[in-house]
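>>> take a look and give me a structure for this.
(2 chains)
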Amino acid sequence: MSWRDLTINDAERLSLARALDTDRAGAMALTMNEDEFRLFYDRNSRPLWAYLTRISGSREAADDLLQETFYRFLRANVTLENDAHRRHYLFRIATNLVRDGFRQSRTRPSTVEHDVELLAGTDRSADTADQRTDLNRAMAQLKPRERAMLWLAYAQGSSHREIAAVVGVKAESVKPLLFRARRKLAQLLGAER
Amino acid sequence: MNAKDQLPECAHEREVLDLVLSDRWPDRCDAETLAHVAECEVCADVVAVALAMRDDQALQPIASAPVPDATLVWWRAQLRAHEDAGRKAARPIAMVQGIGIGIAGIAALSLGRTFWPWIREFGTGLSASAGSVMSATAAAAIAAPWLTLGVVVSVIAAPVAVYFALGRE
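Residues are numbered from 1 along each chain as shown, chains lettered A, B, ... in the order given. Here you go, the predicted structure:
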């Protein structure tokens, strides 16, 4: 059973609440209350998980990064005007986490190779699984920023301004960076097929 | 002219991407667009990449992403915030304790160095006068038993009291 299958029952919740009551000031230093968080999480957790899976190349890494991203988001002492800004900020944190992980360990491409079969799934047709494997292999050869930009642009249809906000580059830099990343991926996909 | 200006561009790029993202490529788009993509390198790349992404998403739709329950994520974040706050609060205390120990060590060393000749002299004289000290202590204990008991209790209790006072803090 993985940790994402775990649930929290009332007794655990009560015991956690008691533990947290001992230091309410420290425990409540989060930027949202539980109801606000639940709404925000329900809207953004799935797209974020898909994004993390694609740019980290691993489902296990995406599980951990999802929790870490939301934690950092909740602890961030920033004022965000609206939901779109909050969403961009959340994805920005996720992008930075993946990039930092990639810098710390240059073994990421091999991790992606390792997860290729896992990502391809077991209950799908061989053709689609093969296509997915092709994409995974090709994406594994790109830098995390390139993967992030490509996913945002061509899977989520994000604008250049949105991509700039998430990836942390100037809006005018998105076009050339995206062009090169797209060229690279198209060539890799062509070579795979 | 910089590198950005030299990039090949196509006015139909966004339109072609929208066709793929809205699942209208290739069956529900006109022959003119199909012919353009066959000739345009930029649009051909857009289609190749966007189609690969679309097929990938079709295998694992975002709606079925296996994310944990919001409550679990919320409580884990609460618990971590609590632990982090505790660690943050303990950091200056540990720092002050470290500085205190350091200062005490330096003070002990400089005192030892200052009083070393006296200590050495005292040490050599101690063995000679040990017998007389013992007899003087015994005499004092007999003469003032309550005072002696008070001194002994203080020597034992003082470190214990300091320990509990700091522990409670």
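
>>> alpha carbons only for contacts and neighbour counts from here, please
Noted.

>>> dump the residue contacts of A:Asn44.
For A:Asn44, the contact set (CA atoms under 8 Å, 6 or more residues apart in numbering or on different chains) comprises A:Arg87.

>>> A:Ser56 against A:Asn96, yeah?
No. The pair A:Ser56 / A:Asn96 is not scored as a contact, 11.2 Å apart, by CA atoms under 8 Å.

>>> more neighbours: the two, which one.
Legend: neighbour count by other CA atoms under 10 Å in any protein chain shown for A:Ser56 and A:Asn96, higher for A:Ser56 (30 against 17).

>>> domain parsing for chain B?
The record's domain split for chain B, according to automatic domain parsing, is B:13-64, B:73-145.

>>> state the three-state secondary structure for B:Asp27.
B:Asp27 carries the three-state label coil when classified by DSSP: H, G, I helix; E, B strand; the rest coil.

>>> what about it, neighbour count?
Neighbour number of B:Asp27 under other CA under 10 Å is 10.

>>> try A:Gly101
Using other CA under 10 Å, A:Gly101 has 17 other residues around it.

>>> please, which helix or strand holds it?
Secondary structure assigned from DSSP states H and E places A:Gly101 in helix A:83-104.

>>> output the contacting helices and strands for that helix.
helix A:34-56, helix A:59-75, helix A:144-154, helix A:160-167 (3 or more CA pairs under 8 Å, 6 or more residues apart in numbering or on different chains; DSSP states H and E).

>>> redo that, cut-off 10 Å
Packing partners of helix A:83-104 (3 or more CA pairs under 10 Å, 6 or more residues apart in numbering or on different chains; DSSP states H and E): helix A:34-56, helix A:59-75, helix A:108-120, helix A:144-154, helix A:160-167.

>>> list the buried residues of the shortest one.
Going back to what we said before, that points to helix A:160-167. Using 16 or more other CA atoms under 10 Å in any protein chain shown as the test for burial, helix A:160-167 gives A:His160, A:Glu162, A:Ile163, A:Ala164, A:Ala165, A:Val166, A:Val167.

>>> just the closest of those to chain B, please.
A:His160 (11.4 Å; CA to the nearest CA).

>>> correct me, but that closest one touches A:Phe179?
No. At 11.6 Å, A:His160 does not count as touching A:Phe179 under the criterion of CA atoms under 10 Å.

>>> quick one: average confidence on the longest helix along chain B?
In chain B, ranked by residue count with DSSP state H as the criterion, the top helix is helix B:70-143. Within the predicted structure, the mean pLDDT of helix B:70-143 is 83.

>>> what's the local residue count around A:Leu178?
Residues lying near A:Leu178 (other CA under 10 Å) number 20.

>>> ignore the last one, A:Lys170
Count around A:Lys170 with other CA under 10 Å applied: 13.

>>> likewise for B:Arg54?
The burial count for B:Arg54: 18, using other CA under 10 Å.

>>> skip the chain neighbours and tell me the closest residue to it.
Closest residue to B:Arg54 apart from its sequence neighbours, by CA to CA, 6 or more residues apart in numbering or on different chains: A:Ala155 at 6.4 Å.

>>> check the one you found and give its pLDDT.
For A:Ala155, the predicted pLDDT is 91.

>>> list the residues that contact it.
Taking CA atoms under 10 Å, 6 or more residues apart in numbering or on different chains as the criterion, A:Ala155 is in contact with A:51, A:149, B:17, B:20-21, B:49-57.

>>> let me know the closest of these to A:Leu90.
Using CA to CA, A:Tyr51 is the member of the contacts of A:Ala155 that sits closest to A:Leu90, with 11.4 Å.

>>> most tightly packed of the helices and strands packed on helix A:83-104?
When these are scored by mean count of other CA atoms under 10 Å in any protein chain shown, the highest mean neighbour count falls to helix A:144-154 (a mean of 23).

>>> for that helix, packing partners?
Short answer (3+ CA pairs under 10 Å, 6+ apart): helix A:144-154 packs on helix A:34-56, helix A:83-104, helix A:126-140, helix A:160-167, helix A:171-192, helix B:13-21, helix B:41-59.

>>> what angle sits between it and helix A:83-104?
Angle, helix A:144-154 to helix A:83-104, by axes from the mean of the first three to the mean of the last three CA atoms, to 10 degrees: 150 degrees.

>>> next SSE after the longest helix of chain B?
helix B:145-168.

>>> any part of that next one near chain A?
No. Helix B:145-168 is not in contact with chain A by CA under 10 Å from any CA of the partner chain; minimum separation 15.4 Å.

>>> helices and strands around that helix, which ones?
Against helix B:145-168 (3+ CA pairs under 10 Å, 6+ apart) you get helix B:70-143.

>>> quick revisit: which one of the contacts of A:Ala155 is nearest to B:Ser129?
For the contacts of A:Ala155, the nearest to B:Ser129 is A:Tyr51 (83.5 Å; CA to CA).

>>> might one say that the closest one is in contact with A:Gln156?
Yes. Between A:Tyr51 and A:Gln156 there is a contact under CA under 10 Å: 9.3 Å.
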